[in-house]
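A.B. asks: Below is the structure, and that's it, no one-letter string:
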């Protein structure tokens with residue numbers, strides 16, 4: 001989750017988020033280089049080194065400032081398209097979960113199990129226990145196994161919502177009457193927090209998402225225990 005004074009992204013917990021972090025650093029270095037070159041040109045022009053008419057009106061300068069931006073766009077577009085295809089790829093998921101947005105809570109249905117479904121409400125501030133986070137903790141967490149491809153089918157019951165978990169690099173709109181899907185694979189055990197990222201009404205900020213990633217044997221124990229008490 002995010003923490004005070006944080007400037008960058010959350011720590012990556014999935015392969016896709018790791019790729020997004022690398023792409024962010026790649027694009028940021030290009031921005032720094034462009035800013036440095038432009039600043040150098042401005043300073044040089046102020047000091048009259050580049051104000052000669054034979055330099056400003058030369059054919060070579062025209063070629064440079066036409067070709068160079070095209071090269072920069074290619075250097076940004078190629079890794080960006082690679083990540084887009086990586087995020088869109090569906091590789092025979094081990095588990096499929098349906099996430100349904102409501103005003104203002106989420107409900108989850110494990111479609112590979114019979115009668116494994118529950119609602120996930122935000123824990124009120126007065127009911128929080130030590131170690132839990134205000135506006136982020138839920139009474140029922142979405143539990144998944146680590147190192148397993150997970151497919152999430154996202155929809156909504158009433159208005160537009162958005163199912164987003166930053167540390168996993170996933171964000172998908174929940175549209176009434178439409179079934180969207182997104183896949184991810186959690187690379188380490190832990191708790192990962194997200195929130196509805198669509199302005200969906202008065203209590204928009206009170207429908208958090210909590211994903212608990214467990215080793216496979218622990219997940220199987222959790223699912224059997226949940227089904228037993230369902």
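C.D. replies: It's in. Here the structure is a predicted model, which means the values were calculated and not measured.

A.B. asks: now the strands for this structure?
C.D. replies: Taking DSSP state E to define them, one finds strands in the chain at 95-102, 105-110, 117-120, 142-145, 150-156, 161-165, 170-174, 180-184, 190-196, 208-214.

A.B. asks: buried ones in the fourth one?
C.D. replies: Spelled out, it's strand 142-145. Going by neighbour count (16 or more other Cβ atoms under 10 Å), the buried part of strand 142-145 is 142-145. Where you see a C-beta, it was placed from the backbone N, CA and C, and this is true even at glycine.

A.B. asks: what lines up beside that strand in the sheet?
C.D. replies: Here strand 142-145 is paired, per DSSP bridges, with strand 208-214 (parallel).

A.B. asks: residues in contact with the partner strand?
C.D. replies: 13, 106, 120, 122, 135-138, 141-146, 163-165, 168, 186, 188-196, 222 (Cβ atoms under 8 Å, 6 or more residues apart in numbering).

A.B. asks: Of the residues you listed, select the buried ones using a ChimeraX command.
C.D. replies: Burial among the contacts of strand 208-214 is assessed by 16+ other Cβ under 10 Å; the matching ChimeraX selection reads:
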select :13,106,120,122,136,137,138,141,142,143,144,145,146,163,164,165,168,186,191,192,193,194,195,196,222
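
A.B. asks: Tell me which of the strands of the chain lies nearest to residue 29.
C.D. replies: For those, proximity to residue 29 was assessed by Cβ to Cβ; strand 170-174 is nearest, at 24.6 Å.

A.B. asks: partner strands of that closest one, parallel or antiparallel?
C.D. replies: strand 161-165 (antiparallel).

A.B. asks: Spit out the contact partners of residue 9.
C.D. replies: Contacts for residue 9 (Cβ under 8 Å, 6+ apart) come out as 17, 20-21, 24, 166.

A.B. asks: Spell out which two among those are the most distant pair, please.
C.D. replies: Using Cβ to Cβ, the pair of the contacts of residue 9 lying farthest apart is 24 and 166, separated by 12.4 Å.

A.B. asks: When the two are compared, which one has more neighbours?
C.D. replies: Each of residue 24 and residue 166 has its neighbours counted (other Cβ atoms under 10 Å); residue 166 has more, 21 against 12.

A.B. asks: ok, and the closest non-adjacent residue to that one?
C.D. replies: residue 10 (5.0 Å; Cβ to Cβ, 6 or more residues apart in numbering).

A.B. asks: what's the spacing between that neighbour and residue 3?
C.D. replies: As for residue 10, its distance to residue 3 is 9 Å (criterion: Cβ to Cβ, to the nearest Å).

A.B. asks: Between these two, point out the one with more neighbours.
C.D. replies: Neighbour totals were compared for residue 10 and residue 3, and residue 10 leads with 19 against 6 (other Cβ under 10 Å).

A.B. asks: Which of the buried residues of strand 142-145 lies at the shortest distance from residue 204?
C.D. replies: For those, the closest approach to residue 204 (Cβ to Cβ) belongs to residue 142, at 19.2 Å.

A.B. asks: my guess is that closest one meets residue 108, correct?
C.D. replies: Yes - here residue 142 reaches residue 108: they are 5.3 Å apart, a contact under Cβ atoms under 8 Å.

A.B. asks: Pull up the overlap in contacts between those two.
C.D. replies: 97, 99, 120.

A.B. asks: Go through those and name the one nearest residue 72.
C.D. replies: Of those, the one sitting nearest to residue 72 (Cβ to Cβ) turns out to be residue 99, at 38.3 Å.
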